[in-house]
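[1] pasting the structure only:
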């Protein structure tokens, strides 16, 4: 039986990025200690076997590394955590991370996700990110020095001051860093963010340019040895995010912490910002299987679909094998429209 994924939401950040709509609060050392103790207490409400653990946020790395160790130790004591688990921590390279990575490695962390967004200074500053290439390079090297070589970088597309040509600087940096995974997201202006307030004043590339950036990213990363396996995710062979694949394949996962979501024992539920549990109905429905499965390069079984994908195949937006259907890169650009038509 497939083991589940375990997710902890760490909501603390040193400052709020202007594009971010994830739940987060300003970092406070005493509050962070109390919060980790709360998560450890929450562990006791569940039992399960897991082979991925993911600490996301927020910015988990703004916590003292001892708190990360304390949380992972609790998880290992209380749950059945497979000895070959993928254990990931999201990190912001604006902090000097050598001591943190050494501590993480001792605690069993074997994968790091770094917020790069762009290797180009002015693009990072426009996104509210203060660390530059030097800090990013230091973070990647520090992770490798600690023995953590499975490293993912975030790349954002369609951001202020970005152009098709300026993307090359990020691809060159990715190649130089010799990392194993890239998550490449198109910027969405979400309500409740600083960017939403400024949306009419932001120097954003137009929609056609963003589409070109996405297609260029697929081709450039492929040339660097990264295979696309999901709309926004690319990996060297064998380095797909095992944890995130659980979300898209509707494997079980348990999320603990403020705003953390779960698919657990056939039900969806989540914690609100006051740590109340909210039931979110039945999970793993056929509709979800289509919606999430079509995000993956391998697509879904044709038999799952209630409507014919033939018009999208004819338009070059989908492709098919004898038993499966999936989106092409052009189809991924309009995935929400196609998926809503097919479910």
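    Everything's here; your move. Please read all numbers here as calculations on a predicted model, not as lab measurements.
[2] Could I get the contacting residues of residue 119?
    Listed by CB atoms under 8 Å, 6 or more residues apart in numbering, the contact partners of residue 119 are 133, 136, 169, 170, 172, 173, 174. Heads up, the C-betas are built off the backbone N, CA and C, glycines and all.
[3] at 10 Å what do you get?
    Counting by CB atoms under 10 Å, 6 or more residues apart in numbering, residue 119 touches 132-133, 136-137, 153, 155, 166-174, 176-177.
[4] downstream neighbour of the top helix by length along the chain in the secondary structure list?
    The longest helix of the chain (DSSP state H) is helix 207-223. Using DSSP states H and E, the helix or strand that follows helix 207-223 in sequence is strand 227-230.
[5] so how far is that next one off the chain centroid?
    The chain centroid and the centroid of strand 227-230 are separated by 14 Å under CA atoms, centre = their mean, to the nearest Å.
[6] Tell me how many other residues crowd the nearest residue to residue 313 once chain neighbours are set aside.
    What sits nearest to residue 313 in space, not counting adjacent residues and going by CB to CB, 6 or more residues apart in numbering, is residue 320, at 5.8 Å. For residue 320, the neighbour count with other CB atoms under 10 Å is 14.
[7] where does the longest helix of the chain sit relative to the chain's centre, distance-wise?
    Relative to the mean C-alpha coordinate of its chain, helix 207-223 is positioned 19 Å out (CA atoms, centre = their mean).
[8] Tell me the buried residues in it?
    By 16 or more other CB atoms under 10 Å, the buried positions in helix 207-223 come out as 210, 211, 212, 213, 214, 216, 217, 220, 221.
[9] before we move on, what about stretch 311-323?
    312, 317, 318.
[10] mind checking the end-to-end distance for it?
    One end of stretch 311-323 sits 17 Å from the other (CA to CA, to the nearest Å).
[11] Not counting its own residues, what contacts that stretch?
    Outside stretch 311-323, the residues that reach it (CB under 10 Å, 6+ apart) are 294, 298-303, 309-310, 325-335, 337-338, 341-342.
[12] Narrow these to those that are buried.
    294, 299-300, 309, 325-327, 329, 331-333, 338, 342.
[13] so of those, which ones are in helices?
    Counting by DSSP H, those contribute 329, 331, 332, 338, 342 to helices.
[14] ok now do residue 61, which residues does it touch?
    Counting by CB under 10 Å, 6+ apart, residue 61 makes contact with 10, 12, 14, 55, 68, 89-95, 97, 100-101, 104, 112-115, 139.
[15] Surely it is in a strand?
    No: applying DSSP: H, G, I helix; E, B strand; the rest coil, one finds residue 61 to be helix, outside a strand.
[16] Give me the distance between the helix or strand bottoming out on mean pLDDT in the chain and the centre of its chain.
    Lowest mean confidence among the helices and strands of the chain (mean pLDDT, DSSP states H and E): helix 194-197, at a mean of 80. Here the centre of helix 194-197 is set off from its chain's centre by 22 Å, with CA atoms, centre = their mean.
[17] Right, I'll call it a day here.
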